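*Asks:* My questions are about this predicted structure, shown below with the sequence.
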Amino acid sequence: MPVTGVHADGTACTHQVNQRTGRPKDSNSDCPGRTGYGATCSACGETVTNYLKLLVTPEVTKHLRQHTSTAPQAEPTGEAK
């Protein structure tokens, strides 16, 4: 789940932006400005978003743990003697 910048409408923001304001560095860009960060799970499609990247990362980790804790356990392939 890579963390990427997002616009207010949830679309990915790939433009160069000012770190403080989130506004595009290129004034001629059609980018409305970055409003936060998000990550979408490729397994279930759930999206985690927040205005700070620092807060998205722990949520991503927490979400991924849910997948590993609910995964079916593999059965042993050999019999113990």
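*Replies:* Yep, it's here.
*Asks:* Output the below-cut-off pLDDT ranges for the protein.
*Replies:* The chain contains residues with pLDDT under 70 at 70-81.
*Asks:* Quickly list what Thr40 is bridged to.
*Replies:* For Thr40, the beta-bridge partners are Thr47 (DSSP bridges).
*Asks:* Identify the residues contacting it.
*Replies:* Shown in contact with Thr40 (Cβ atoms under 8 Å, 6 or more residues apart in numbering): 1, 46-48. Any C-beta I mention is one placed from the backbone N, CA and C, and that applies to glycine too.
*Asks:* Can you select the buried ones from those in PyMOL?
*Replies:* Remark: buried members of the contacts of Thr40, expressed as a PyMOL selection using 16 or more other Cβ atoms under 10 Å:
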select buried, resi 1+48
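*Asks:* Would you mind putting the contacts of Thr40 into TSV with distance to Thr61 alongside?
*Replies:* Shown next, in TSV, are the contacts of Thr40 (distance: Cβ to Cβ, whole Å):
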residue	distance to Thr61
Met1	9
Glu46	14
Thr47	15
Val48	10
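*Asks:* Show me where this structure has its helices.
*Replies:* Secondary structure of the chain (DSSP state H): helices located at 53-70.
*Asks:* Skip the chain neighbours and tell me the closest residue to the residue positioned nearest the centre of it.
*Replies:* The residue lying closest to the centre of the chain (Cα atoms, centre = their mean) is Ala39, at 1.3 Å. In this structure, Ala39 finds its nearest non-sequential neighbour in Met1, 4.2 Å apart by Cβ to Cβ, 6 or more residues apart in numbering.
*Asks:* That'll do, ta.
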